[in-house]
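S.K.: after the sequence you'll find the predicted model.
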Amino acid sequence: MPAFWLIPLILVAAAQAPPAPCTLAGPPIEAHWSAAIPPASTAEAPLRVVTDVPLPGSASRFDYQSLEPTSGRLFISHMGAGQLVVFDVRAGKVIGNLDGFPTVTGVLAVPAEHRAYASAAGDHAVVVVHDSTLQIVARVPGPRFPDGIAYAPAERRVFVSDESGRRDFVIDPTTNTVVAQIELGGEAGNTQYDAGSHCVIVAVQTANHLAVIDPATATIVRRITLDQVVGYPHGVYVDAPNRLAFIAGEESGTLGVLDLRTLQLRQVLPLGSDPDVLAFDPELKRLYVAAESGIVAVFEERNGALVQLGWYRAPKAHSVAVDPATHRVYLPLANVSGRPVLRVLVPKENEP
C-alpha cells in the first residue's frame, strides 16, 4: 500500500480513538485539615470601579455568569426576573435580554456547540440558546432544580447539577436529550469539568464530599470527603493547569484549596459568609470568590498557594465573572439606587 494511502486511515483512527480516561478514579479518600485558618484580610481589594452599566429587568437577584471569550458575550442569569441577559464586554452594552428562563440559576456558554445552556429551575428544565442568534433552540426537561453546568468536550456531554433532586443530569447536545442521571447521595452544588484529569467534579453539599464522574461512562468513580472545616461545599472552580480545585464552603464561610495530585487540602482560607460563585483570571492568577453577604474575596495564586489580597464589598455581590483578555471583573448587582446594574471593575495594577 502506498504511504500516502495511510494518511486518511491514520486520520480516521485518530478520530475514532476513545476519549482519555478519567484519571482521578480510585477508592474513596478523605481530605483532612488540622492546621489553623488564618485571619481574614483587612486590606481593601486592589480593584477600581470603571462604571456601573444599567441592566434591564427588575431590581432582583442575579446568579451565575458565563463569558464566551471569542465573541465577548457575557451571559448573565437574572434569576429574580426569569431572564438571561447578554452583555457585550467589548462594546460595553447589553445586546440581548431573553425571556423564558424562570428562576434561572446556572449558565454556561459552550462555543464548541455554538450554544449557551441555562438552568431554568422554575421550569425544571435546561434551556438551550444559540450563541449567535440568541434564539432558544430547545428545552430539556427533567431536573427538579437545575443549577451548575459543565461541558466535557471529548465526550460532547453537558453535565447539570440537580440540586434538590440529588443528581447530575447528562445531556447530549446533538439531540438535546437526557442520556443519563447520576445519583449523588446528597444535594448537588456546582459541577465542573477538569481538563487535566478528564473528569467531572461535583460538590455534594449535604454529604460534604466531591463526587468524581467519568464523563465517558457517566458513573461516579471516586468520592473525596472534605474536612468539616470546608462545610457544605457549593461553589467549585478547577485550575486544571496547576492541578488545584478551589471549593467554597457555604456554611463554614471558608475556601478549601484541594491538591488534585494528592487529593488533600493544601489550604483553608476565610471568605465572606455564604460564598457562592468563583471566577479565575488565568494570566494574573487571580481568584475571585463572591458571597451572598456582599463580599468578594480576592486571592492571588503564587507557587501553588493562594495569597489573600483583600476584600471588595458591594450589596448582594454574590456573582462574579472575569474577562481574561482585559482582566475586567463583572459584578451584577440587584439593586443600586432602585435598579439593577452591572458593575465593571479593573485591577488597579493593570490600569493604563
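M.R.: Right, received. Where do you want to start?

S.K.: so Thr206, which state does it fall into?
M.R.: Under DSSP: H, G, I helix; E, B strand; the rest coil, the three-state class of Thr206 is helix.

S.K.: give me the distance between the closest residue to it other than its chain neighbours and Arg144.
M.R.: Nearest residue to Thr206 in three dimensions, chain neighbours excluded: Gly186, at 4.0 Å (C-beta to C-beta, 6 or more residues apart in numbering). Yep, even glycine has a C-beta here, placed from its N, CA and C like the rest. Note on Gly186: its distance to Arg144, by C-beta to C-beta, to the nearest Å, is 14 Å.

S.K.: which one's more surrounded, these two?
M.R.: Gly186 (16 against 13; other C-beta atoms under 10 Å).

S.K.: quick one: low-confidence parts of the stretch 251-352 of the chain?
M.R.: Residue ranges of the stretch 251-352 of the chain with pLDDT under 70: 350-352.

S.K.: let's see 50
M.R.: 352 (pLDDT under 50).

S.K.: how about the strands of it, start to end?
M.R.: 254-259, 264-270, 275-281, 286-291, 295-302, 305-313, 321-322, 329-336, 339-347 (DSSP state E, counting those that start in this stretch).

S.K.: out of these, which one sits most buried?
M.R.: Comparing the strands of the stretch 251-352 of the chain by mean neighbour count (mean count of other C-beta atoms under 10 Å), strand 286-291 comes out on top with a mean of 26.

S.K.: partners of that strand, with directions?
M.R.: strand 275-281 (antiparallel), strand 295-302 (antiparallel) (DSSP bridges).

S.K.: could you check the angle the shortest one makes with strand 254-259?
M.R.: Using axes from the mean of the first three to the mean of the last three C-alpha atoms, to 10 degrees, one finds that strand 275-281 and strand 254-259 are set 50 degrees apart in direction.

S.K.: please apply the same query to the longest one.
M.R.: Direction vectors for strand 295-302 and strand 254-259, defined by the same axes, to 10 degrees, enclose an angle of 20 degrees.

S.K.: you'd agree Ala43 is up against Leu309?
M.R.: Yes: using C-beta atoms under 8 Å, Ala43 is in contact with Leu309, at 6.8 Å.

S.K.: tabulate the strands paired with strand 286-291 in a markdown table, adding columns for distance to Val200.
M.R.: Formatted as a markdown table, these follow (distance: least, C-beta to C-beta, whole Å):
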| stretch | distance to Val200 |
| --- | --- |
| strand 275-281 | 17 |
| strand 295-302 | 23 |
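
S.K.: how close does the residue nearest to Thr206 get to Gln205?
M.R.: When C-beta to C-beta is the yardstick, Gly186 and Gln205 sit 7 Å from each other.

S.K.: quick one on the thing from earlier: any chance of the strands of the stretch 251-352 of the chain in CSV, with distance to Ser71 too?
M.R.: Converted to CSV, these look like this (distance: least, C-beta to C-beta, whole Å):
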stretch, distance to Ser71
strand 254-259, 31
strand 264-270, 34
strand 275-281, 18
strand 286-291, 22
strand 295-302, 26
strand 305-313, 27
strand 321-322, 14
strand 329-336, 15
strand 339-347, 17
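
S.K.: between those, which one is nearest to Pro56?
M.R.: Across the strands of the stretch 251-352 of the chain, Pro56 has its closest neighbour in strand 339-347 (7.8 Å, C-beta to C-beta).

S.K.: show residues contacting that closest one.
M.R.: 46-60, 62, 76, 78, 87, 92, 284, 286, 312, 314, 317, 326-334, 336 (C-beta atoms under 8 Å, 6 or more residues apart in numbering).

S.K.: let's see that with 7 Å instead.
M.R.: The contact list for strand 339-347, computed with C-beta atoms under 7 Å, 6 or more residues apart in numbering, reads 46-55, 57, 59, 87, 284, 314, 327-334.

S.K.: next: stretch 143-150.
M.R.: With C-beta under 7 Å, 6+ apart, stretch 143-150 has contacts from 105-108, 117, 119, 121, 124, 126, 158-165, 169, 188-193, 200.

S.K.: restricted to strands, list those residues.
M.R.: When the contacts of stretch 143-150 are checked against strands (DSSP state E), the matches are 105-108, 117, 119, 126, 158-162, 169, 188-193, 200.

S.K.: out of those residues, which end up buried?
M.R.: 105-108, 117, 119, 126, 158-162, 169, 188-193, 200 (16 or more other C-beta atoms under 10 Å).

S.K.: just the C-alphas of stretch 88-96, formatted as PDB.
M.R.: Extracted C-alpha coordinates of stretch 88-96, given in PDB (Å, rounded to 0.1, in the frame of the first residue of the first chain):
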ATOM      1  CA  ASP A  88     -21.100  42.500  25.000                       C
ATOM      2  CA  VAL A  89     -17.900  43.100  27.000                       C
ATOM      3  CA  ARG A  90     -16.200  44.800  24.000                       C
ATOM      4  CA  ALA A  91     -19.000  47.200  23.200                       C
ATOM      5  CA  GLY A  92     -19.800  47.700  26.900                       C
ATOM      6  CA  LYS A  93     -23.500  47.300  26.400                       C
ATOM      7  CA  VAL A  94     -26.400  44.900  26.700                       C
ATOM      8  CA  ILE A  95     -27.200  43.200  23.400                       C
ATOM      9  CA  GLY A  96     -30.000  40.800  24.500                       C
END
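
S.K.: how far off centre is it?
M.R.: 21 Å (C-alpha atoms, centre = their mean, to the nearest Å).

S.K.: which intervals of the stretch 1-150 of the chain have sub-threshold pLDDT?
M.R.: Looking at the stretch 1-150 of the chain by pLDDT under 50, you get 4-5, 9-14.
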